[in-house]
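A.B. asks: With the input below, show me the fold.
(one chain, ligands or ions: 1)
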Amino acid sequence: MLKGKHKNYQNLYTYMVKPSHPQLHQLEDEDFIGFWEEDGMGILFFHCQKEQLIDNLSKKYEFKIYDKQVIPYREWNENRFPKPIKVGKLTIAPVWVEGNWDLVFDPSVVFGEGQHPTTAMMLELGWELYTKFEKPEKVLDIGCGSGILTLFWAKLGANVTAIDLNPLCVKVTQHNLELNGLRNQAELKQGDILNLLPIEADLVLGNLYRLLLLKLFENEHFWKAKYYLLSGFSLDMEKELLEKISTLPLKILIRRTSQNWVCWLVKKLS
Ligand SMILES: C[S@@+](CC[C@H](N)C(=O)[O-])C[C@H]1O[C@@H](n2cnc3c(N)ncnc32)[C@H](O)[C@@H]1O
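C.D. replies: You can find the predicted model right below:
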């Protein structure tokens with residue numbers, strides 16, 4: 001995340017370490033961006049080179065360094081450099097872009113910089129749900145990433161439960177809620193959604209991957225809400241996902257595609 005003298009991102013200095021250590025999330029260094037932890041290993045992100053610090057930490061926390069890289073921020077997230085976007089009447093911009101925006105956010109190094117077709121469709125169809133169908137009061141954001149969807153729904157007045165497996169995503173989402181004065185409209189949880197259901201909501205957001213969607217679809221606790229916005233799957237995966245829900249009392253109200261990606265707005269029939 002951006003803090004102190006750092007107002008935007010230029011180059012990312014990454015250090016892949018193994019095994020991971022919980023204290024690495026708490027580093028106080030002014031050039032520290034965050035720690036991405038997954039499957040027992042992790043990546044430390046900095047704004048500049050940190051050889052000495054990494055060396056000291058590796059002795060203290062007994063990890064090995066497996067890889068070091070310098071990556072221009074413009075190339076991070078498959079070159080999807082964050083830019084201001086407009087969704088319905090709301091404008092959302094990276095925190096470093098000057099302007100009079102409804103929402104600002106620090107995209108950091110997690111997914112949810114707003115440029116991916118799936119995120120864009122989740123936002124667009126969210127606006128269509130809000131303006132044409134219903135204004136949900138409780139929203140569950142599964143896999144909140146940067147928190148961009150959580151911010152959007154909190155701004156529209158909903159109470160949001162935002163969950164992510166990746167602790168860095170939860171930190172970034174909290175930071176972004178605070179940036180917009182929306183912290184008290186969201187509850188944040190770190191963990192695997194499969195261990196956290198059921199969670200009460202009128203609308204469930206799931207921009208996830210195929211295997212997780214398939215697991216969720218067969219979980220009765222997942223199907224407790226009235227509306228679902230689902231994406232993260234491509235056209236060739238759609239048939240399998242459709243078959244999985246074919247016997248459930250559901251109606252796809254809107255199906256949208258963009259660059260081979262699909263997004264559904266689903267209503268549960270009672
Ligand atoms: C494609 S990103 C979506 C980010 C953001 N919601 C958006 O639409 O741009 C998916 C997110 O789901 C999270 N995730 C993956 N598996 C998960 C699980 N089992 N439980 C909770 N979150 C999970 C990932 O860490 C990632 O941040």
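
A.B. asks: any idea how the protein splits into domains?
C.D. replies: 11-76, 109-268 (automatic domain parsing).

A.B. asks: ok, the closest residue to the ligand within the stretch 101-250 of the chain - how many residues close by?
C.D. replies: Ranked by CB to the nearest ligand atom, the top residue of the stretch 101-250 of the chain for proximity to the ligand is Gly143, at 2.2 Å. The C-beta positions use only the backbone N, C-alpha and C, and glycine is treated the same way. Counted with other CB atoms under 10 Å, residues neighbouring Gly143 total 21.

A.B. asks: backbone phi and psi for it, please?
C.D. replies: phi 80, psi 60 (degrees, to the nearest 10).

A.B. asks: With the one 10 residues further on instead?
C.D. replies: With angles defined as degrees, to the nearest 10, Trp153 sits at phi -70, psi -30.

A.B. asks: Surely it is in contact with Thr161?
C.D. replies: No. The criterion here is CB atoms under 8 Å, and Trp153 misses it with Thr161 at 10.4 Å.

A.B. asks: And the two? Which one has more around it.
C.D. replies: Between Trp153 and Thr161, Trp153 has the larger neighbour count (other CB under 10 Å), namely 25 against 20.

A.B. asks: Quick check, Lys267 in contact with Lys251.
C.D. replies: Yes. Assessed by CB under 8 Å, Lys267 is found in contact with Lys251 at 5.0 Å.

A.B. asks: quick revisit: just say which of the domains of the chain is most tucked in.
C.D. replies: domain 109-268 (a mean of 19; mean count of other CB atoms under 10 Å).

A.B. asks: in the lowest-mean-pLDDT helix or strand in the chain, what's buried?
C.D. replies: Here the helix or strand of the chain ranked lowest by mean pLDDT, DSSP states H and E is helix 76-79, holding a mean of 91. Neighbour counts over helix 76-79 (16 or more other CB atoms under 10 Å) mark 76-77 as buried.
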